[in-house]
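J.: Would you be able to build a 3D model of this:
(2 chains)
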Amino acid sequence: DVKVTQSSRYLVKRTGEKVFLECVQDMDHENMFWYRQDPGLGLRLIYFSYDVKMKEKGDIPEGYSVSREKKERFSLILESASTNQTSMYLCASSKEYNEQFFGPGTRLTVL
Amino acid sequence: KNEVEQSPQNLTAQEGEFITINCSYSVGISALHWLQQHPGGGIVSLFMLSSGKKKHGRLIATINIQEKHSSLHITASHPRDSAVYICAVSPNYGGATNKLIFGTGTLLAVQP
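T.: Take a look at the predicted model:
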């Protein structure tokens, strides 16, 4: 079974802090994605990566950056957390154009 | 207007009922996905289809490419089917990526 894990299920941070969210997949998938999910807005793509060290902006990249140094690991970085970044963050991975496999999510609260 | 629209947004059913959730989209696609998210849980892919119909247990997904419409059916519904069901499409523009466009989801509650 494909497994996508995220570093934390719940996280509480203060405004201005630098926040790292990590995602690891164990199935050698080329594609990895970071989404945020907010009530009424659904899932929105922040960044995605189609190979090591490759990244592309999604629909809402402002305030975020990403890092993919190894194929299995995709990190989302909030350079200076703000209250409007309080959300559920979901990581996903896929092989080529196949279905995406999602991690359990990290519920981030920024105070 | 969203590129992927789902209806209804909320649905309450009695156990045993036949349930239909609809998805319409306005872009050209290479595939359509149905996803399930239980409260507090992660998202699970139910179906990925590009034509016709797929069945898995009590779940059936159909797609009509010409009408840009898909339906997810649940037969003999059960309280454990209570979840958010999300429709997503893989658009066939934007280059060689596997980006998805998501609907906002349908919240299903099945009462015993």
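
J.: From B:Ala76, how far off is A:Glu62?
T.: When distance is defined by C-beta to C-beta, to the nearest Å, A:Glu62 is 46 Å away from B:Ala76. (Glycine included, C-beta is placed from N, CA and C.)

J.: So these two - more neighbours on which side?
T.: B:Ala76 (12 against 6; other C-beta atoms under 10 Å in any protein chain shown).

J.: So that one belongs to a strand, correct?
T.: No: assessed by DSSP: H, G, I helix; E, B strand; the rest coil, B:Ala76 does not belong to a strand; its assignment is coil.

J.: roughly how far apart are it and B:Ala61?
T.: Distance, B:Ala76 to B:Ala61, by C-beta to C-beta: 16 Å.

J.: so what secondary structure elements neighbour the longest strand along chain A?
T.: As assigned by DSSP state E, the longest strand anywhere in chain A is strand A:42-51. Applying 3 or more C-beta pairs under 8 Å, 6 or more residues apart in numbering or on different chains; DSSP states H and E, one finds that strand A:42-51 makes contact with strand A:31-38, strand A:54-57, strand A:64-70, strand A:73-78, strand B:83-91, strand B:101-102.

J.: Just put those in JSON lines and tack on mean neighbour count and distance to B:Gly41.
T.: Below are these laid out as JSON lines (neighbours: other C-beta atoms under 10 Å in any protein chain shown; distance: least, C-beta to C-beta, whole Å):
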{"stretch": "strand A:31-38", "mean neighbour count": "23", "distance to B:Gly41": "12"}
{"stretch": "strand A:54-57", "mean neighbour count": "14", "distance to B:Gly41": "28"}
{"stretch": "strand A:64-70", "mean neighbour count": "16", "distance to B:Gly41": "24"}
{"stretch": "strand A:73-78", "mean neighbour count": "20", "distance to B:Gly41": "20"}
{"stretch": "strand B:83-91", "mean neighbour count": "23", "distance to B:Gly41": "8"}
{"stretch": "strand B:101-102", "mean neighbour count": "22", "distance to B:Gly41": "17"}
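
J.: All set, thanks.
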